[in-house]
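Enquirer: I'll drop the sequence and a predicted model, then ask my questions.
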Amino acid sequence: MTPLKETFRNFPRPALLALLGLTLAGCSITPDPISRDLARERAQAKLVEMFSEQDLVSAPLSLHDAIARSIKFNLGSRVYMMEKALAHDQLDAAEHNLLPSLAASAGYSHRSNDALSTSEATSTGVESVDPSLSSERNRFLSDMRLAWNVLDFGVSYYSAKQQADQIFIVEEQRRKALQNLMEEVRTAYWRAWNAQRLLPRVDGLLAEVYPALKRSREMEKKQSQSPDKALEFQQGLLQTLQQLLSLRRDQMLARQELASLMNLRPGVAFKLEPGQADPLPLPEDDLEMMKLEVMALTLRPEMRENQYQERIDGFEIRKTLLRLLPGIELSLAGNYDSNKFQVNQSWADAGVNIAWNVLSLLSGPTMLQMAENQKELNEMRGLVTAMAVVTQLHLAERSSRLLEEEYQVARDLYQVHQRRAKHAQAAAKAGKTHPMAEIQRKMENISAQMKTGAVYAEFQGSVGRLYHSLGIDPLPLEIAGNDLQTLTAAVQQRQGELPDLLRSFPLQEEGGEINLEPAESGMTAEEDGTMAEKEDSEVK
């Protein structure tokens, strides 16, 4: 009988059948689709969960209230908070890898027959007659082993340092998301506020416009008015109506956008009431752009994230170097064996083991070069990010100045339309003009007012983008609490501090003042002028 058959013959049949049954059952998998009822239950639970922590809106919301609500209840902000908590957990796990491994094991061993053996004398070649027994059929075994690999400790140490920097990267990503959120809330708020105060007037005016258009078309058919005048009136009215409806659509959608940013359930009614201090101030004209550039490159989350990533790449190079070294493992173990034939059933052992993958010397230089290239790549990405940050700053600053000028023009134009509407109303009352002309003037007036509000909302959004491009956080570093009232007060306090923050930003280092002067071109003034004249002539 072969050894394999002998083994299965001695193996207990019930245990063999049970093992075979479990193996076959584990290999059989039946697809289990999610039922529609379960999907509906989960959908209903998601709807409840999305708005479960939302506080009711019991009073008109100022801009500071809207920002505070978006900070507290916006789902995207909660995701980043959970990612930060997860990064802390990953750091704790990485720190545990620094500890030596402590493994404990215990078991029971059974043989179906005795472990008998014979021996043969090396000098005579005579085999012993009687088999000897040195191990029991039933044995209990246990051991506890403490092992510490010096190389693994070094790699785990730098991995923990990398994970610690990853926490800061997640925090910078949270800062960036929060700053983006504030920019979106500010723009949506002013658009929604403009819609709130003007849409009732628009709806009332539309109730007059459509009948006026209908009368004009009837007059055109009856030829009670010259076709040119009737069509000219209809064209002007429809063009103004088209602009008005487009503005109304944008501003009506702004309320939904603002509600989404504050995580309010769609359809929930709320009112807006901007306070006197709500508009964001534009930075003063005498602030040097180079100072703002240094501020942006210092505070922007993208720049700080890149700096942490560069440090992570440096640790990766050190880990690569460590992996090229031989590993030294120190071990200490305690053992127990219940075998009665052993003289010493419990014992301790200690050892030192050195292992070195010699072939790693072949791949090591390639891995090291790859780590160096990765570091250089991130440094280049840092330069690209810095260029983008500076460009965004200049674009935001210039856009704010231009939109401020555009808002002044829009406001003046609205005042002109307002005066024309008053004159048209007075003329219609006196019977000096057709009533339809009064309706057209009203539409032009409300359209100009809505455009003025839209430009102002865009202007406030551009100012918000300017502060966002500087990397200024919407909240102070320390806040007393996380309730809405405290957050609203903190947002208001931060906005009041913005002018002083811009002026008080330090430009001094321990080594001296930062050089803000542009680099020299390497040409004299005469050479520079000659080059400019040459380029000018080529353009001509």
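Expert: Done, it's in.

Enquirer: pull the number of nearby residues for Asn373.
Expert: By other C-beta atoms under 10 Å, the residues close to Asn373 number 11. Every residue, glycine included, has its C-beta placed from N, CA and C.

Enquirer: per-residue pLDDT, it?
Expert: pLDDT recorded at Asn373 is 85.

Enquirer: in a helix, Val129, correct?
Expert: No - assigned with DSSP: H, G, I helix; E, B strand; the rest coil, Val129 falls outside any helix and is coil.

Enquirer: can you get me a residue count around it?
Expert: Quick note: Val129 (other C-beta under 10 Å) scores 6 neighbours.

Enquirer: residues contacting it?
Expert: Going by C-beta atoms under 8 Å, 6 or more residues apart in numbering, Val129 touches no other residue.

Enquirer: can you check Arg137 too?
Expert: Applying C-beta under 8 Å, 6+ apart, the residues near Arg137 are His110, Arg111, Ser112, Asn113, Asp114, Ala115.

Enquirer: and the pLDDT for it?
Expert: pLDDT, Arg137: 85.

Enquirer: does Glu329 sit in a helix, a strand or a coil?
Expert: strand.

Enquirer: who does it bridge with?
Expert: Glu329 has these beta-bridge partners by DSSP bridges: Asn149, Asn353.

Enquirer: my guess is it meets Phe153, correct?
Expert: No - between Glu329 and Phe153 there is no contact under C-beta atoms under 8 Å: 10.3 Å.

Enquirer: most neighbours of all the contacts of Arg137, which one?
Expert: Ala115 (15 neighbours).

Enquirer: which phi and psi does the residue with the largest distance to the centre of the chain have?
Expert: Using C-alpha atoms, centre = their mean, the residue of the chain lying farthest from its centre is Thr124. It sits 81.5 Å away. Note on Thr124: its backbone torsions stand at phi -100, psi -20 [degrees, to the nearest 10].

Enquirer: offset the numbering so it begins at 437, please.
Expert: In the new numbering, first residue 437, that becomes Thr560.

Enquirer: how near is it to Pro567?
Expert: Distance, Thr560 to Pro567, using C-beta to C-beta, to the nearest Å: 18 Å.

Enquirer: got it, and Leu667?
Expert: From Leu667 to Pro567 the distance is 121 Å (C-beta to C-beta).

Enquirer: who's more crowded, the two?
Expert: Legend: neighbour count by other C-beta under 10 Å for Leu667 and Pro567, higher for Leu667 (14 against 11).

Enquirer: ok, now how distant is the residue nearest to that one when sequence neighbours are not counted from Asp501?
Expert: Using C-beta to C-beta, 6 or more residues apart in numbering and skipping residues adjacent in sequence, the residue nearest Leu667 is Glu656, 7.0 Å away. From Glu656 across to Asp501, the span is 52 Å (C-beta to C-beta).

Enquirer: higher neighbour count, these two?
Expert: Asp501 (26 against 18).

Enquirer: the more buried one and Leu920 touch, don't they?
Expert: Yes - the pair Asp501 and Leu920 passes the contact test of C-beta under 8 Å, sitting 7.4 Å apart.

Enquirer: which residues in this protein form strands?
Expert: According to DSSP state E, the chain carries its strands in the segments 537-546, 552-553, 568-569, 574-585, 763-773, 782-791, 944-945, 948-949.

Enquirer: of those strands, which is nearest Arg622?
Expert: strand 944-945 (32.2 Å; C-beta to C-beta).

Enquirer: confidence score at the residue lying closest to Gln743 once chain neighbours are set aside?
Expert: Among residues not flanking Gln743 along the chain, Gly818 sits closest, at 7.5 Å (C-beta to C-beta, 6+ apart). Per-residue pLDDT puts Gly818 at 85.

Enquirer: over to Asn616?
Expert: 86.

Enquirer: so it touches His904, yeah?
Expert: Yes - the criterion here is C-beta under 8 Å, and Asn616 meets it with His904 at 7.2 Å.

Enquirer: neighbour count winner among these two?
Expert: His904 (25 against 14).

Enquirer: need the contact list for the more buried one.
Expert: His904 sits next to Gln615, Asn616, Met618, Glu619, Ala832 when contact means C-beta under 8 Å, 6+ apart.

Enquirer: and with 6 Å instead?
Expert: Going by C-beta atoms under 6 Å, 6 or more residues apart in numbering, His904 touches Gln615, Glu619.

Enquirer: now do it against Ala862, distance only.
Expert: According to C-beta to C-beta, His904 stands 47 Å off from Ala862.

Enquirer: over to Gln896?
Expert: Counting by C-beta to C-beta, the gap from Gln896 to Ala862 is 35 Å.

Enquirer: circling back to that earlier point, so the residue nearest to Leu667 sits right up against Ala666, yeah?
Expert: Yes - with contacts counted by C-beta atoms under 6 Å, Glu656 reaches Ala666, the gap being 4.0 Å.

Enquirer: do a quick rundown of the helices in the stretch 737-886 of the chain.
Expert: With DSSP state H, counting those that start in this stretch, the ranges of helices along the stretch 737-886 of the chain come out as 737-759, 796-865, 871-906.

Enquirer: need the winner for burial among these.
Expert: Among the helices of the stretch 737-886 of the chain, helix 871-906 has the highest mean neighbour count (mean count of other C-beta atoms under 10 Å), at a mean of 23.

Enquirer: any low-confidence regions in the stretch 637-786 of the chain?
Expert: 660-661, 710-717, 720-723 (pLDDT under 70).

Enquirer: err, the stretch 837-976 of the chain, not the other one
Expert: Looking at the stretch 837-976 of the chain by pLDDT under 70, you get 864, 866-873, 942-976.

Enquirer: one more time with 90, if that's ok
Expert: Along the stretch 837-976 of the chain, the parts satisfying pLDDT under 90 run over 837, 839-844, 846-976.

Enquirer: hang on, the earlier thing: the residue nearest to Gln743 and Gln609: what is the separation?
Expert: 16 Å.

Enquirer: same deal with Pro496?
Expert: Distance from Pro496 to Gln609, by C-beta to C-beta: 33 Å.

Enquirer: who has more neighbours, those two?
Expert: Neighbours per residue (other C-beta under 10 Å) separate Pro496 from Gln609, with Gln609 holding more: 16 against 13.

Enquirer: residues contacting that one?
Expert: Gln609 touches nothing, counting by C-beta under 6 Å, 6+ apart.

Enquirer: how near is it to Ala521?
Expert: Distance from Gln609 to Ala521, by C-beta to C-beta: 14 Å.

Enquirer: try Gly640
Expert: With C-beta to C-beta as the criterion, Gly640 and Ala521 are 52 Å apart.

Enquirer: and Lys650, by the same measure?
Expert: Applying C-beta to C-beta to Lys650 and Ala521 gives a distance of 63 Å.

Enquirer: repeat for Leu577
Expert: Relative to Ala521, and taking C-beta to C-beta, Leu577 is found at 42 Å.

Enquirer: Gln885 - nearest residue in space that isn't next to it in sequence?
Expert: Tyr850 (5.3 Å).

Enquirer: just to check, the one you found is in contact with Ile882?
Expert: No - contact criterion C-beta under 6 Å: Tyr850 and Ile882 do not qualify, at 9.6 Å.
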